[in-house]
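Peer 1: Could you look at this predicted model? Sequence included:
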Amino acid sequence: MSLPFAIPTVTTARLILREPRESDLDVMERAFRSESSRYVGGPLNRRGSWRSLLATIGHWALRGYGLWSVETKAGALVGRVGVIRHDGRDEPELGWHIYEGHEGLGYAHEAALAARDYAGTVWGMGPLACIIAPENARSIALALRMGAQLEGVISDEDGPLHLYRHPAVEDGGMEAYA
């Protein structure tokens, strides 16, 4: 399957940020059935995972940017990361979802830095926001590790959410990526 529009590929030392593919669905379904997906719209059944995959591709088509599928150089699909702008939100945000069994290996940090650098350097975005549920300690820790600072609290139908602001990307930020 090929998409009728181009999605860039970003390569880091250990990871490939690539276009979402229909073949990602089985891994996505397992990931979205897990309770660990609760901060990214889960848990979901297969149909919900299919809709999430379609929404991911549709976001790229609609906005020209979105979530990449994150794959190790050995070919394991380990999550999604990228820049999204939800309906009703004023600005794009950096987001990540590392699938269960792949947490704690530094993939989120490596992929999110690459996505943030790409968004700033190539798309001219930033400083990016990150909207995180206040009880999502792992994502908060990652945002802080990346240099983001708590800017405030916003509310939506999910309740109060913390808005973190990432630092601007320095020129040459993409030099570390192939």
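Peer 2: Received it, and whenever you're ready, just let me know what you need.

Peer 1: can we go C-alpha only for contacts and neighbour counts from here?
Peer 2: OK.

Peer 1: For the longest helix seen in the chain, buried residues please.
Peer 2: For the chain, the helix reaching the highest residue count under DSSP state H is reported as helix 46-63. Of all the residues in helix 46-63, those buried under the rule 16 or more other C-alpha atoms under 10 Å are 48, 49, 50, 52, 53, 56, 57, 59, 60, 61.

Peer 1: from the middle of its chain, how far away would that helix be?
Peer 2: The chain centroid and the centroid of helix 46-63 are separated by 13 Å under C-alpha atoms, centre = their mean, to the nearest Å.

Peer 1: Give me the next element, helix or strand, following that helix.
Peer 2: strand 67-72 (DSSP states H and E).

Peer 1: which residues sit against that following strand?
Peer 2: The contact list for strand 67-72, computed with C-alpha atoms under 8 Å, 6 or more residues apart in numbering, reads 14-20, 56, 60, 77-84, 95, 111.

Peer 1: go on, stretch 76-85?
Peer 2: Residues outside stretch 76-85 that contact it (C-alpha under 8 Å, 6+ apart): 17, 24, 27, 59, 65-72, 91-99, 102, 107-108, 111-112, 115-116, 119.

Peer 1: List buried residues within these.
Peer 2: Buried subset of the contacts of stretch 76-85 (neighbour count, 16+ other C-alpha under 10 Å): 17, 59, 65-72, 92-99, 107-108, 111-112, 115-116, 119.

Peer 1: quick one on the thing from earlier: hmm, which of the contacts of strand 67-72 are the buried ones?
Peer 2: Buried, going by 16+ other C-alpha under 10 Å: 15-20, 56, 60, 77-84, 95, 111, out of those.

Peer 1: So which of these belong to helices?
Peer 2: When the buried ones among the contacts of strand 67-72 are checked against helices (DSSP H), the matches are 56, 60, 111.

Peer 1: could you dump those residues to TSV with pLDDT?
Peer 2: Putting those into TSV (pLDDT from 0 to 100) gives the following:
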residue	pLDDT
56	96
60	97
111	98
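
Peer 1: Strands of the protein, start to end?
Peer 2: When assigned using DSSP state E, the strands of the chain occupy the ranges 10-11, 15-18, 67-72, 77-84, 93-98, 129-132, 149-156, 159-165.

Peer 1: What does the pLDDT read for residue 1?
Peer 2: According to the per-residue confidence, residue 1 scores 65 in pLDDT.
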